[in-house]
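Chemist: for reference, the sequence and a predicted model appear below.
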Amino acid sequence: MKNRKISAVITLLLSLYLFALVVGCTKKSEPPFKNVVLIIVDTLAVDFLDAYNIDRATSSNIDALAKSGTTFERAYSPSSWTKPSVSSIFTGVMPTVHGVRTINDVLPSEFNTLAERLKEREFKTAGFVSHTLISPALGYAQGFDQYDTIPFKGNVHNVISSEKVTDMGVSWLKDSLKDSAKGDKPPFFIFLHYFDPHNNYKHHEKFDRTSWYKGELTPGIDIRQLRKKSSTFTNDDIRYLRGLYEEEIAHTDHEIGRFLKTLNELGLTDETLIILTADHGEELMDRGFIGHSRTLYDELIRVPLIFSLPGKIKSQRISEPVGTLDILPTILDFFGARRDEVFRGASLKDSLLSGTAPPLANVYSEVDFRSNAIKSYKISVVQGSKKLILDKPTKKMELYDLKLDPKELINLADVDKKTVDELSPLLLSYEVEQNKEVRKEAPPPERSPEEIEQLKSLGYL
């Protein structure tokens, strides 16, 4: 009898322990936020932001966001142009895996996007977009209750869109609160895409940095004309273009600040995870070229990555390399869902909450871009302070020490054979995976003459 009582007590204690363990696990999967805001700024190079370069004064609102949360100083985009980069942020996998690698590709429905995954968790979802390359017709509206694009007519560059994106986001927030007043307030996910820093670069008098210029260039000049003139640019011409670019960033930063101010006024800041990043950077005559899409140097693939949730996410700066495709697995990890698969993003949750270094990772990027003017097939890997780039057609490799040579001016491939031998198998195995995963290129979609001209003016055709 005594043994039976002891056994019963042990069984009871074990049951209580298991119950507590289950409850504890459940609590661990409860995220410290209710809502999620994802802000992607098109063509935003980190060196032009206050939060990444103290010599700048272009982005006070983004800087304040960075100070309130975790800033990843070395975040890399999986590609150097919009479609593959945004597809990877939405899916958490590399372009090789999701298959959006060329101008004609559509984001496949077989991949569950961030919006779809949050929708499964009863989030209201909305996206407000200012780029024709991530339109609903190309698969980017998957999982969104509402996904609106800025209507463009004629030349896309005659439109200043940041104000409209903020207006739509603010309106949706306020309408959502009105609806929630009638019942329970569901969590929300809102995606804001700001386009204005993309060429062509327009003047914003309120954020003037170019009134000193007396040369021949003018605001809004077509990128095709700029590229034709670039061989004759003076130092003042280049400084002027960069000034216009800074004005575009400052204007966009102002509009981001207006949205964040509304979020705060509505009492939502303390319960909303805010993530700010970019799809890629921009080359402004760094190597004699203007634009993006063709290389994998840091001016194009190193992007801002900021997570803010005051009081819950640490205010800190992290210098280890990470990728923007880590965004999706990080959010899912807060709900208890981990993913550690090859060529896929890793969770940064522990870094955000406790300040621990992110998982040691090889951070890959790739570009497969084809147009009349540009043909580029490259892959790269960043490991610690070293970056190795492989040009696929020629098999030529470039090696850079990003700590000693952050501008990537000195190719060490012929000097540091040891590092090349260590990193090259990573790129060669990645190339094998690319060849396995490669999808048949989609046929060109039907485009109106206006759409074709817009893509040409963007530098994509």
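Modeler: Arrived safely, thanks for sending.
Chemist: show me where the stretch 251-400 of the chain has strands.
Modeler: 272-278, 283-284, 290-291, 302-303, 305-308, 316-318, 322-323, 363-370, 375-383, 386-391, 397-401 (DSSP state E, counting those that start in this stretch).
Chemist: and the fourth one, what does it pack onto?
Modeler: I take that to be strand 302-303. Identification of packing neighbours for strand 302-303 by 3 or more C-beta pairs under 8 Å, 6 or more residues apart in numbering; DSSP states H and E yields strand 75-76. For the C-beta atoms, the positions are set from N, CA and C on the backbone; glycine is no exception.
Chemist: again with the second one
Modeler: When contacts are defined as 3+ C-beta pairs under 8 Å, 6+ apart, strand 283-284 sits against helix 235-265, strand 290-291.
Chemist: the strands of the stretch 251-400 of the chain into TSV, with extra columns for distance to residue 80 and mean neighbour count?
Modeler: Output for the strands of the stretch 251-400 of the chain, formatted as TSV (distance: least, C-beta to C-beta, whole Å; neighbours: other C-beta atoms under 10 Å):
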stretch	distance to residue 80	mean neighbour count
strand 272-278	11	24
strand 283-284	9	21
strand 290-291	10	22
strand 302-303	10	26
strand 305-308	16	24
strand 316-318	23	16
strand 322-323	13	27
strand 363-370	5	23
strand 375-383	8	21
strand 386-391	11	21
strand 397-401	15	20
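Chemist: nearest to residue 335, out of the ones you listed?
Modeler: Residue 335 lies closest to strand 272-278 among the strands of the stretch 251-400 of the chain, at 11.7 Å (C-beta to C-beta).
Chemist: off-centre distance for that closest one?
Modeler: With C-alpha atoms, centre = their mean, to the nearest Å as the basis, strand 272-278 stands 9 Å off its chain's centre.
Chemist: not counting that strand itself, show me its contacts.
Modeler: Here strand 272-278 makes contact (C-beta atoms under 8 Å, 6 or more residues apart in numbering) with 31, 33-46, 62, 65, 69, 75, 77, 89, 256, 260, 263, 303-309, 313, 324, 327, 331.
Chemist: now these: which count as buried?
Modeler: By neighbour count, with 16 or more other C-beta atoms under 10 Å, those hold 31, 33, 35-46, 62, 65, 69, 75, 77, 89, 256, 260, 263, 303-309, 313, 324, 327, 331 as buried.
Chemist: among the residues you listed, name the ones in helices.
Modeler: 62, 65, 89, 256, 260, 263, 327, 331 (DSSP state H).
Chemist: between the two ends of stretch 283-301, how far is it?
Modeler: 10 Å (C-alpha to C-alpha, to the nearest Å).
Chemist: please read the previous query as pertaining to stretch 128-143.
Modeler: Taking C-alpha to C-alpha, the first and last residues of stretch 128-143 lie 13 Å apart.
Chemist: out of the strands of the stretch 251-400 of the chain, flag the one nearest residue 194.
Modeler: strand 272-278 (9.4 Å).
Chemist: so that closest one versus helix 235-265, what angle?
Modeler: Angle, strand 272-278 to helix 235-265, by axes from the mean of the first three to the mean of the last three C-alpha atoms, to 10 degrees: 170 degrees.
Chemist: kindly export strand 272-278 (C-alpha atoms) in CSV.
Modeler: What follows is strand 272-278, C-alpha atoms only, in CSV (Å, rounded to 0.1, in the frame of the first residue of the first chain):
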residue,chain,number,x,y,z
THR,A,272,4.4,46.6,-32.5
LEU,A,273,7.6,45.1,-33.8
ILE,A,274,9.0,47.5,-36.4
ILE,A,275,11.5,46.2,-39.0
LEU,A,276,13.2,48.5,-41.4
THR,A,277,15.4,47.3,-44.2
ALA,A,278,16.1,47.8,-48.0
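Chemist: mind putting the strands of the stretch 251-400 of the chain in JSON lines, mean pLDDT and distance to residue 150 included?
Modeler: Output for these, formatted as JSON lines (pLDDT from 0 to 100; distance: least, C-beta to C-beta, whole Å):
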{"stretch": "strand 272-278", "mean pLDDT": "98", "distance to residue 150": "18"}
{"stretch": "strand 283-284", "mean pLDDT": "94", "distance to residue 150": "24"}
{"stretch": "strand 290-291", "mean pLDDT": "91", "distance to residue 150": "21"}
{"stretch": "strand 302-303", "mean pLDDT": "98", "distance to residue 150": "22"}
{"stretch": "strand 305-308", "mean pLDDT": "98", "distance to residue 150": "24"}
{"stretch": "strand 316-318", "mean pLDDT": "96", "distance to residue 150": "33"}
{"stretch": "strand 322-323", "mean pLDDT": "97", "distance to residue 150": "28"}
{"stretch": "strand 363-370", "mean pLDDT": "90", "distance to residue 150": "24"}
{"stretch": "strand 375-383", "mean pLDDT": "93", "distance to residue 150": "28"}
{"stretch": "strand 386-391", "mean pLDDT": "97", "distance to residue 150": "35"}
{"stretch": "strand 397-401", "mean pLDDT": "98", "distance to residue 150": "38"}
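Chemist: for residue 96, which of the ones you listed is the nearest?
Modeler: Proximity to residue 96 (C-beta to C-beta) singles out strand 363-370 among the strands of the stretch 251-400 of the chain, at 6.4 Å.
Chemist: which strands and helices lie in contact with that closest one?
Modeler: Packed next to strand 363-370, using 3+ C-beta pairs under 8 Å, 6+ apart, are helix 82-91, helix 95-98, strand 322-323, strand 375-383, helix 417-437.
Chemist: in JSON lines, list those along with distance to residue 353.
Modeler: Formatted as JSON lines, the helices and strands packed on strand 363-370 follow (distance: least, C-beta to C-beta, whole Å):
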{"stretch": "helix 82-91", "distance to residue 353": "21"}
{"stretch": "helix 95-98", "distance to residue 353": "28"}
{"stretch": "strand 322-323", "distance to residue 353": "15"}
{"stretch": "strand 375-383", "distance to residue 353": "24"}
{"stretch": "helix 417-437", "distance to residue 353": "30"}
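Chemist: any idea which of these gets closest to residue 240?
Modeler: Taking the helices and strands packed on strand 363-370 one by one with C-beta to C-beta, helix 82-91 is closest: 25.3 Å.
Chemist: give me the below-cutoff pLDDT ranges for the stretch 51-200 of the chain.
Modeler: Within the stretch 51-200 of the chain, the set of residues satisfying pLDDT under 70 comprises 151-159, 179-184.
Chemist: what ranges does it have for its helices?
Modeler: 60-68, 82-91, 95-98, 114-120, 162-180 (DSSP state H, counting those that start in this stretch).
Chemist: re earlier: among the strands of the stretch 251-400 of the chain, which comes closest to residue 345?
Modeler: strand 322-323 (6.2 Å).
Chemist: which residues touch that closest one?
Modeler: 72, 74-78, 305, 345-346, 348, 358, 361, 363-364.
Chemist: re the thing from before, and of the strands of the stretch 251-400 of the chain, who's closest to residue 200?
Modeler: Closest to residue 200 of those, according to C-beta to C-beta: strand 290-291, at 10.1 Å.
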